[in-house]
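In: What shape does this take:
(one chain, ligands or ions: 2)
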Amino acid sequence: MASNRKLLVLPGDGIGPEAMRQVMRVVDWFDKRRTVSFDVKSGLVGGAALDAHGTPLTDETMALAQDCDATLFGSVGGPKWDNLPFDKKPERGLLRLRKEMDLFANLRPALVFDALADASSLKRDLVAGLDILILRELTGGVYFGEPRGVSTLADGQKKAVDTQVYTTREIERVARVAFELARKRSNKVHSVEKANVMHTGVLWRETVTKLHAAEYKDVTLEHMYADNCAMQLVRRPKQFDVIVTDNLFGDILSDCAAMLTGSLGMLPSASLGAPDATGRRKALYEPVHGSAPDIAGQDKCNPLATLLSFAMMLRYSFDLAADADLVEQAAKNVLATGIRTPDIASAGASIVSTTQMGDALLKELDKLAA
Ligand code: IPM
Ligand code: MG
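Out: Numbering: from 1, shown residues only. Ligands and ions are numbered 1, 2, ... in the order given. A predicted model of the protein is given here:
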């Protein structure tokens, strides 16, 4: 079926391809029902691209990503490529996609499915019903700031430099996304930085405060230092709705928030650019987990984070909320029957492989759509 929804699939390394295989079965399921179809292209990224082409992302694949409506990304990296120079590392492939598509807004929801509340390392009552959204700035800060690098000093020591940089515009555009998202949720934003020690933190706080006063007074805004936020996330996570923060703090706090939900294997994310004249945003969807080389190739990873990333794509890139709901509901129902991949296993659960999780999801989708 011809479709104007151009989708690029980049499975990557480690468990990426295994998880993606199950999600592609769901994409095919939609295609067969002839309700939602995609023009799917696929490519290599990370170590896989490095092995095949000597670079973690070819210019051709980069151009494909620019041209597609959305990219579904797996994971990159592994011990095989750990000791390469920086510009060759598999992670550069992902960072290049983020930077060149200007995907500055990274949405990382941490949502606790009721069936999994006991899989969290925190007590059930602290996390049951948890629904928070970490909005991570993704194209600035210390990940990209100049100068950066390693040099040798006169006395033979080495010196390494990374630079944290933010401009007013970079802060304002991500803060705007935070306020807009909060309005559709519980209307509360925590802006997180280290204004007590960092100049970028001071500018961050000033800029968010100004934007709030000018345009978003109806949204509750609180400022919080990043270290306190880490503590509050494990102390009383339900105090949060939307957390907006910089690239590095967002990286750290989102792993922390992920674990509240029981497993990193559950968390999807969306990385969005600015809307163009037609309202379309460049977008990349990826699980928050990495390539998990220790379990790769064993058909035991959890495909749900990639599946839920696909659901986010349906919602944010294609405005298909009902279909996104369908996918999320299928995942919830499967979990409610006690089916679990090993990472979210609990007493009494039936442990299944990645493929069997895919089987269960398809069966559930058939049931829901019947
Ligand atoms: C993430 C990952 C990446 C990051 C790595 C793989 C470059 O940890 O998406 O959170 O640090 O941003
Ligand atoms: Mg990370």
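In: Can you classify whichever residue of the chain sits closest to ligand 1 as helix, strand or coil?
Out: Nearest to ligand 1, among the residues of the chain, is residue 91, at 4.0 Å (CB to the nearest ligand atom). Just so you know, the C-beta spots here come from the backbone N, C-alpha and C atoms, and that holds for glycine as well. Here residue 91 is recorded as helix under DSSP: H, G, I helix; E, B strand; the rest coil.
In: So it sits against residue 76, correct?
Out: Yes - using CB atoms under 8 Å, residue 91 is in contact with residue 76, at 6.0 Å.
In: Overlap in contacts, these two.
Out: Jointly contacting residue 91 and residue 76 under the rule CB atoms under 8 Å, 6 or more residues apart in numbering are 46, 56.
In: When the two are compared, which one has more neighbours?
Out: Taking other CB atoms under 10 Å, residue 91 and residue 76 do not tie; residue 76 has more neighbours (30 against 16).
In: quick one: low-confidence parts of the stretch 51-200 of the chain?
Out: Across the stretch 51-200 of the chain, nothing is flagged by pLDDT under 70.
In: wait, is residue 60 part of a helix?
Out: Yes - the assignment for residue 60 (three-state DSSP) places it in a helix.
In: What about residue 260, how many residues nearby?
Out: 21.
In: The one 5 residues further on too?
Out: In terms of burial, residue 265 registers 25 neighbours under the definition other CB under 10 Å.
In: again, but for residue 191
Out: Quick note: residue 191 (other CB under 10 Å) scores 26 neighbours.
In: Checking my notes, it in a helix, right?
Out: No - counting by three-state DSSP, residue 191 is not found in a helix; it is strand.
In: wait, it sits on residue 203?
Out: No - counting by CB under 8 Å, residue 191 does not reach residue 203; the two are 11.8 Å apart.
In: Now for the residue sitting nearest the centre point of the chain: which residues touch it?
Out: For the chain, residue 269 is the residue whose C-alpha lies nearest the centre (CA atoms, centre = their mean; 2.5 Å). Going by CB under 8 Å, 6+ apart, residue 269 touches 106, 107, 108, 109, 254, 285, 286, 287, 288, 309, 312.
In: Assign a three-state SS to the second one, would you?
Out: Following three-state DSSP, we place residue 107 in the strand state.
In: Surely it touches residue 132?
Out: No - in this structure residue 107 lies outside contact range of residue 132 using CB under 8 Å: 11.2 Å.
In: Residues of this structure that sit close to ligand 1?
Out: 91, 94, 251, 290 (CB under 6 Å from any ligand atom).
In: measure the second one to residue 101 for me?
Out: Distance of residue 94 to residue 101, computed by CB to CB, to the nearest Å: 11 Å.
In: got it, and residue 125?
Out: On the measure of CB to CB, residue 125 and residue 101 end up 41 Å apart.
In: Show me which of those two is the more surrounded one.
Out: Neighbour comparison, residue 125 and residue 101: the larger count goes to residue 101, with 20 against 9 (by other CB under 10 Å).
In: Now the closest residue to that one other than its chain neighbours: phi and psi?
Out: Spatial nearest neighbour of residue 101, excluding adjacent residues (CB to CB, 6 or more residues apart in numbering): residue 282 at 4.4 Å. When read as degrees, to the nearest 10, the backbone of residue 282 gives phi -60, psi 150.
In: mind checking pLDDT for residue 282?
Out: In this model, residue 282 is scored at 96, pLDDT.
In: switch to numbering from 10
Out: Sure thing, new numbering starts at 10, so read that last one as residue 291.
In: What is the burial count for it?
Out: By other CB under 10 Å, neighbour count at residue 291 equals 22.
In: pretty sure it contacts residue 112?
Out: Yes - contact criterion CB under 8 Å: residue 291 and residue 112 qualify, at 6.3 Å.
In: Give me the common contacts of those two.
Out: Residues touching both residue 291 and residue 112 (CB under 8 Å, 6+ apart) are 281, 282.
In: Tell me which residues touch residue 228, please.
Out: Counted by CB under 8 Å, 6+ apart, residue 228 has contacts 188, 191, 192, 196, 197, 198, 221.
In: Also residue 106?
Out: Contact analysis of residue 106 by CB under 8 Å, 6+ apart lists 54, 66, 71, 74, 80, 82, 112, 293.
In: Give me the neighbour count for the closest residue to the third one other than its chain neighbours.
Out: Excluding its sequence neighbours, the residue lying closest to residue 71 (CB to CB, 6+ apart) is residue 109, at 6.2 Å. Burial of residue 109, expressed as a neighbour count using other CB under 10 Å, amounts to 15.
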